[in-house]
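Asker: Here's a sequence, model it:
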Amino acid sequence: MTAEIERKFLVVNDSWRGGASKGAAFCQGYLLAGKNRFVRIRIIDKARAVLTLKLRTGRLRREEFEYKIPYADALEMIAYATSVVDKTRYEVNHCGCLWEVDVYSGVHNGLVVAEIELADESDQPPRPPWLGPEVTGNAAFSNRTLAMLARRSEHSSQNISNLQPVGWPSQRREQ
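Answerer: Alright, predicted model coming up:
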């Protein structure tokens, strides 16, 4: 288990792009979601997958359990997700602090959010000039809420082939 303490902000311009890493494409689906806990499947760059359980234990703190899972299992699980969101994540170093910038696509095209993980809830990292208002704790900007607002049909089992790497068998894994 790892404790996750993070703050989240809107991004107001593209100046962060100059120092950004190559982006990683995320297809993120929620298998179970409650007010203070959820189970998420994340497919990264159509190549690898992780299963995550998060439990909120404070305003900024969540306990996080994350496991690498077989890609074929992830393809099956994402078909059962109750909601799905797509985004590209970039890493940006600012004054020795690592920011994760998420650029959303699909129905959320144009939304850009930055997160920073902290060692302690009282930490005050230097704010990059491209940061806008803080949205930490604002449910409207949680990935889970954004996923629920996206059209579920975009990720139906018929579209699983969009997540399969080139050369991947077109059928789902045999039971």
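Asker: Show me what the helix or strand containing residue 103 is packed up against.
Answerer: Taking DSSP states H and E as the criterion, residue 103 maps to strand 97-104. If you count contacts as 3 or more Cβ pairs under 8 Å, 6 or more residues apart in numbering; DSSP states H and E, strand 97-104 packs onto strand 83-94, strand 112-117. For every residue, glycine as well, the C-beta is placed using N, CA and C.
Asker: where do the strands sit along the protein?
Answerer: 2-11, 24-33, 37-44, 48-56, 61-69, 83-94, 97-104, 112-117, 131-134 (DSSP state E).
Asker: circling back: may I see the helices and strands packed on strand 97-104 organised as JSON lines, with mean neighbour count, distance to residue 66 and mean pLDDT added?
Answerer: What follows is the helices and strands packed on strand 97-104, written out as JSON lines (neighbours: other Cβ atoms under 10 Å; distance: least, Cβ to Cβ, whole Å; pLDDT from 0 to 100):
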{"stretch": "strand 83-94", "mean neighbour count": "20", "distance to residue 66": "15", "mean pLDDT": "96"}
{"stretch": "strand 112-117", "mean neighbour count": "20", "distance to residue 66": "13", "mean pLDDT": "97"}
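Asker: Looking at those, spot the one closest to residue 74.
Answerer: strand 83-94 (12.2 Å; Cβ to Cβ).
Asker: okay, the angle between that closest one and strand 37-44?
Answerer: 70 degrees (axes from the mean of the first three to the mean of the last three Cα atoms, to 10 degrees).
Asker: report the angle between the axes of strand 83-94 and strand 24-33?
Answerer: Using the same axes, to 10 degrees, the inter-axis angle of strand 83-94 relative to strand 24-33 is 130 degrees.
Asker: what packs against the helix or strand of the chain with the lowest mean pLDDT?
Answerer: Least confident helix or strand of the chain, by mean pLDDT, DSSP states H and E, is helix 143-149 with a mean of 87. With contacts taken as 3+ Cβ pairs under 8 Å, 6+ apart, helix 143-149 sits against strand 24-33, strand 83-94.
Asker: what about 10 Å?
Answerer: Counting contacts by 3 or more Cβ pairs under 10 Å, 6 or more residues apart in numbering; DSSP states H and E, helix 143-149 is packed against strand 24-33, strand 37-44, strand 83-94, strand 97-104, strand 112-117.
Asker: How far does the second one sit from its chain's centre?
Answerer: Computed by Cα atoms, centre = their mean, to the nearest Å, the separation of strand 37-44 from the middle of its chain amounts to 8 Å.
Asker: Next, the buried residues of that strand.
Answerer: Across strand 37-44, burial judged by 16 or more other Cβ atoms under 10 Å covers 38-44.
Asker: so who does residue 82 touch?
Answerer: Counting by Cβ atoms under 10 Å, 6 or more residues apart in numbering, residue 82 touches 29-33, 38, 144, 147-148, 152.
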